[in-house]
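Participant: Need coordinates for the below:
(one chain, ligands or ions: 1)
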Amino acid sequence: MMKIDIVSVFPEYFDVLNLSLFGKAQAKGLVEVRAHNLRDWTHDVHHSVDDTPVGGGAGMVMKPAVWAECLDDLLGLAPTVVDTTDTTDMAAADDTADDAAPAASGAIADDDGTDINDAPADSADRPVLIFPNPSAPLFTQHDATELSHAGHLLFGCGRYEGYDARIPQYYRAQGVDVREYSIGDYVLNGGEVAVSVMLEAITRLLPGFMGNADSIVEESYTGENALLEHRQYTKPAEWRGLKVPDILLSGDHGKVDRFRRDEAIARTNEIRPDLIGRLDCKALDKADRKT
Ligand code: ADE
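Facilitator: Residues are numbered from 1 along each chain as shown. Okay, the predicted model is just below:
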């Protein structure tokens, strides 16, 4: 069972997850989703979650304190103060989305005298914390596959001009596996759509989620030799004057496979030459090279 927590100022947005394959996966006990309202962790009458950007500029930035109260609760962490004199850790914590920094040194004691930087007993089950962000590395099928093996995901949806950069920085310093991803080179109004996209890409890889597991194996972007998929046809063989390629009707599986593979390579070369550039040459056979 994969646990999924989502924090948003529009948690109702995720009501759709009760529908379709995702709804069925919840009913089957493959996933358990909880959407939380960030405003539940505010204390002021206006339930405000944002403030003006330091240094000036348009829009509003989501405040670290509100997010931290919420995330501390969901992660089971007590508040602490990051020791910024330890520059090695901070550089790592500030680094890419892929590497979780080791827990920060400079622990302070909490009320009952225990070291609050000690990993909690269930730290192995601690969620991977994911923030959608248009200025982050691109989310890929590789990331979806990796995250489909996590037991617990916690998504934080930003709004407005984004969230205070110290939020991911702080949780990395606590040893949390924090990821920031963009879903594409365009800007959305908030992280909710991006979270839905990532969530679907991740959860459909869970064993038992899809009706037919084979449909995942042959898809575009899957595997180390990722190509765009060949085109698909169904019956009838001729429709409005347009014919299905003859080879697909031949019943010769070898020829069908070759035709599809050639088409996948040709289409990838034309539409996404960047993917061809990243192909592992060893994965290409002689016939591939001719294509
Ligand atoms: N928030 C706004 N735009 C986004 C994008 N392209 N990817 C992820 N999160 C976003």
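
Participant: hey, where'd the helices end up in the stretch 51-200 of the chain?
Facilitator: Taking DSSP state H, counting those that start in this stretch as the criterion, the stretch 51-200 of the chain contains helices spanning 64-75, 87-93, 141-147, 166-173, 191-203.

Participant: Which of those has the lowest mean pLDDT?
Facilitator: Looking over these, mean pLDDT reaches its minimum on helix 87-93, with a mean of 48.

Participant: In contact with residue 247, which residues?
Facilitator: Counting by CB atoms under 8 Å, 6 or more residues apart in numbering, residue 247 makes contact with 255, 256, 259. Glycine gets a C-beta too; all of them are placed from N, C-alpha and C.

Participant: coming back round to it: put together JSON lines for the helices of the stretch 51-200 of the chain, with mean neighbour count and distance to residue 17 on each row.
Facilitator: Supplementary listing: those in JSON lines, determined by neighbours: other CB atoms under 10 Å; distance: least, CB to CB, whole Å:
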{"stretch": "helix 64-75", "mean neighbour count": "19", "distance to residue 17": "18"}
{"stretch": "helix 87-93", "mean neighbour count": "15", "distance to residue 17": "32"}
{"stretch": "helix 141-147", "mean neighbour count": "17", "distance to residue 17": "16"}
{"stretch": "helix 166-173", "mean neighbour count": "23", "distance to residue 17": "24"}
{"stretch": "helix 191-203", "mean neighbour count": "21", "distance to residue 17": "8"}
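
Participant: Out of the contacts of residue 247, which end up buried?
Facilitator: Buried residues within those, counting neighbours by 16 or more other CB atoms under 10 Å: 256, 259.

Participant: Out of the contacts of residue 247, which sit inside helices?
Facilitator: Of the positions in the contacts of residue 247, 255, 256, 259 sit in helices, assigned by DSSP state H.

Participant: Kindly report the residues of the chain close to the ligand.
Facilitator: Within the chain, the positions near the ligand by CB under 6 Å from any ligand atom are 132, 133, 134, 182, 183, 184, 186, 187, 188, 191, 194.

Participant: which one of those sits closest to residue 12?
Facilitator: Distance from residue 12 was checked for each of the residues of the chain next to the ligand by CB to CB. The minimum falls on residue 191, at 14.9 Å.

Participant: which secondary structure element contains residue 289?
Facilitator: Under the assignment given by DSSP states H and E, the secondary-structure element containing residue 289 is helix 286-290.

Participant: how far out from the middle of the chain is that helix?
Facilitator: Remark: helix 286-290 is offset 35 Å from the chain centroid, using CA atoms, centre = their mean, to the nearest Å.

Participant: And for stretch 204-222?
Facilitator: Relative to its chain's centre, stretch 204-222 lies at 17 Å (CA atoms, centre = their mean).

Participant: Any chance you could list what contacts that stretch?
Facilitator: Applying CB under 8 Å, 6+ apart, the external contacts of stretch 204-222 come out as 2, 21, 25, 28, 30-31, 140-141, 144-145, 148, 203, 226-229.

Participant: Just the mean pLDDT for stretch 221-236, thanks.
Facilitator: Here the mean pLDDT over stretch 221-236 is 86, rounded to a whole number.

Participant: Also stretch 11-28?
Facilitator: In this model, stretch 11-28 has an average pLDDT of 92.

Participant: Then stretch 252-268?
Facilitator: The predicted model assigns stretch 252-268 a mean pLDDT of 96.

Participant: how much space between the residue lying closest to residue 186 once chain neighbours are set aside and residue 85?
Facilitator: Nearest in space to residue 186, with sequence neighbours left out and distances taken as CB to CB, 6 or more residues apart in numbering, is residue 134 at 7.5 Å. To residue 85, residue 134 is 33 Å away according to CB to CB, to the nearest Å.

Participant: Residue 30 - how many residues pack around it?
Facilitator: As a burial measure, the neighbour count of residue 30 was computed by other CB atoms under 10 Å and equals 16.

Participant: Please read the previous query as pertaining to residue 228.
Facilitator: When neighbours are defined as other CB under 10 Å, residue 228 has 20 of them.

Participant: so what's it up against?
Facilitator: Counting by CB under 8 Å, 6+ apart, residue 228 has contacts 220, 264, 267, 268, 271, 272, 275.
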